[in-house]
Each structure stands twice: as C-alpha cells, then as structure tokens.
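Here you go, sequence then predicted model.
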Amino acid sequence: KIGAINRAQESVSMAGSMLVEQTAAPGGSATAEWFNLATRAHGAIDPSGSGLWAAPTGWITVSYSAAAPHAGTVYLHTTSGRFITLGTPHPDGTGFDLSVSKTTVVAGSPYDDVGNGTAEWVSLSRPGKFHALVPASAKTVTARCASVTSTFIACNTSGSTDTNRLYTAAGRLLVSATRHCPESVPAVDGTAMAWVIQGGSSCPSHRLVITPQRGAAIVVPGTYGIGTPTAAFGKIVVGKHLVGGNRWFRQLAVVTSRGNVRVILRGRS
C-alpha cells in the first residue's frame with residue numbers, strides 16, 4: 001500500500017515501525033504526532049524545541065546549551081514516558097544532522113568550512129556517549145550519513161579527498177570509495193552501498209552505482225534520480241526513468257545489491 005504526505009507543510013521521519021510527523025500551520029503554530037504503524041497506537045508530541053526525529057521506541061529531540069560553544073545534547077523520549085540522554089555529539093558546537101535506525105543514531109556534519117566535518121554514532125542500547133565515525137583528523141568539510149540500518153552506516157564525505165564510505169553499525173570502516181564524479185549521498189542495503197552519479201564532463205550522468213563489500217562496483221542500466229536512493233525493504237529504493245529535463249522520474253524501483261531491478265510504482269505518462 002502507498003500513503004501520500006504533503007511535504008510542503010509537513011516533515012516526516014521513520015525508524016522501524018515508528019513514524020513522527022510534524023505539521024506547520026499557516027499561522028505559524030505547529031503540531032506533532034507519533035504513530036506506531038505495527039500496532040496503530042499514536043499520540044501527541046510537544047513540537048517545541050530544536051529538531052524532531054522518529055526513534056524505534058518513541059522520538060528524539062536536541063537541546064542546545066545557552067553557553068558557547070552551544071553544543072547540542074540528544075535525548076530519546078519513549079512512548080512509555082522514559083527520558084534518556086543519548087549523548088552530546090560535536091561538543092565543539094559544530095552543527096549536525098541526525099539519522100536513526102532501529103539500533104543506532106548517527107550525527108553527521110552537513111557543512112563545516114574549517115574542515116571539521118565529523119560524524120559520530122551512539123547505540124540506542126548503550127546511551128550516554130557518541131563515538132567517532134568520521135574523525136576530525138580526516139579534515140573533511142562535510143560528513144553526511146543519511147542512510148543507517150541495524151547493520152550498516154553509509155556516509156558521504158568531502159574535503160581534500162571526496163569519498164563514499166560504508167561502516168558497520170559499530171563504527172568499523174568496511175569500504176572507502178574515492179569519488180571522481182559528483183554523486184548523491186549513498187544509501188545502504190544489507191550488503192552494499194549505492195549512489196547516483198550526477199552530470200559532469202566525463203561522468204556517466206544519472207547512473208546508479210552499487211559498491212559491494214568485496215568485488216567490483218556494478219553500474220545498473222537505465223537513468224536514475226539524483227538524490228533519490230534510500231534504504232528500504234532491506235534493499236535500495238530509487239527513482240527511475242527521468243522526465244522533464246531529468247527533474248522527475250516515472251517509476252520507483254527496488255534494486256538488490258546484485259543490480260536486479262523491480263519496479264514497485266509506475267507513474268502516469
């Protein structure tokens with residue numbers, strides 16, 4: 001089944017069977033709710049604060065210190081009423097984005113012009129301290145880790161060397177692929193990571209590349225949407241068959257780590 005969400009007025013995140021939805025009303029007020037898609041339980045959330053993300057047992061918020069360097073502490077709120085401190089990533093005050101799976105929370109740096117683009121992770125079963133994933137010694141400008149599963153973390157870094165990296169959920173580096181072409185932030189399935197190559201003078205535009213833990217990379221035939229790869233169903237989901245000057249796509253496809261493609265949604269011609 002397919003559900004539609006008005007992304008113009010709403011922000012949505014998911015972790016496991018938990019969905020958190022925040023809606024901005026025309027007058028500036030906001031509401032937030034949580035939904036357990038497995039049990040159909042739901043409830044209201046206080047929408048005030050900085051950021052709101054779904055977690056397997058509830059939702060996650062961030063509270064920033066009033067004193068410099070204004071570090072942000074991450075908290076887990078469970079639907080049963082517990083309040084758990086997960087830790088303080090980037091204590092130097094560097095801004096961060098969060099990505100959440102059933103087991104892990106990753107804090108990545110979307111941009112830091114002084115070359116301190118780091119990423120850190122914490123296990124939901126062992127809260128209290130974030131651990132280095134992309135260290136400051138890497139001197140990256142960005143470290144974006146938008147795709148996190150119970151087993152793997154995929155990150156995109158830029159700096160003196162641009163890379164796509166695959167880690168275990170415990171922070172061990174498995175694959176580091178140097179990027180020669182502009183590429184989307186990678187997504188990860190059960191055994192590999194994938195990204196879409198953007199246009200460039202010598203780059204095969206809109207090609208889906210799959211990099212396994214071992215062996216050669218696979219280039220999947222067809223044209224795919226920039227920025228659309230995401231992890232779902234234990235595989236990669238990506239937009240396919242571009243139209244309108246490569247801005248939209250007509251199909252949504254599931255791709256396995258071996259490059260097998262199955263279309264799950266077809267748009268109108």
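Happy to help now that I have it.

burial count for residue 110?
Using other CB atoms under 10 Å, residue 110 has 14 other residues around it. (Each C-beta comes from the backbone N, C-alpha and C, glycine too.)

again, but for residue 136
17.

That one and residue 217, how far apart?
29 Å (CB to CB, to the nearest Å).

can I assume residue 108 is in contact with residue 132?
No - contact criterion CB atoms under 8 Å: residue 108 and residue 132 do not qualify, at 12.0 Å.

of these two, who's got more company?
Neighbours per residue (other CB under 10 Å) separate residue 108 from residue 132, with residue 108 holding more: 28 against 14.

Run the chain-centre distance for the helix or strand harbouring the more buried one.
If you go by DSSP states H and E, residue 108 is part of strand 104-108. Distance, stretch centre to chain centre, for strand 104-108: 9 Å (CA atoms, centre = their mean, to the nearest Å).

How about stretch 50-58?
Relative to its parent chain, stretch 50-58 has a centroid offset of 13 Å by CA atoms, centre = their mean.

How about stretch 233-247?
17 Å.

buried sites along that stretch?
With burial defined by 16 or more other CB atoms under 10 Å, the residues of stretch 233-247 counted as buried are 235-242.

swap in stretch 189-205?
Neighbour counts over stretch 189-205 (16+ other CB under 10 Å) mark 189, 191-198, 205 as buried.

where along the stretch 151-269 of the chain do the strands fall?
Applying DSSP state E, counting those that start in this stretch to the stretch 151-269 of the chain gives strands spanning 152-159, 163-168, 173-178, 187-188, 192-196, 208-212, 218-220, 230-232, 235-243, 248-255, 261-266.

Ok, which of those strands comes nearest residue 19?
strand 230-232 (13.3 Å; CB to CB).

how about the spatially closest residue to residue 160 that is not a sequence neighbour, phi and psi?
Once flanking residues are discounted, residue 160 sits nearest to residue 139: 6.3 Å by CB to CB, 6 or more residues apart in numbering. Residue 139 adopts backbone torsions of phi 50, psi 40, taken as degrees, to the nearest 10.

Just the pLDDT for residue 139.
On the pLDDT scale, residue 139 is placed at 79.

beta partners of residue 195?
residue 209 (DSSP bridges).

Since that was my last question, I'll sign off now.
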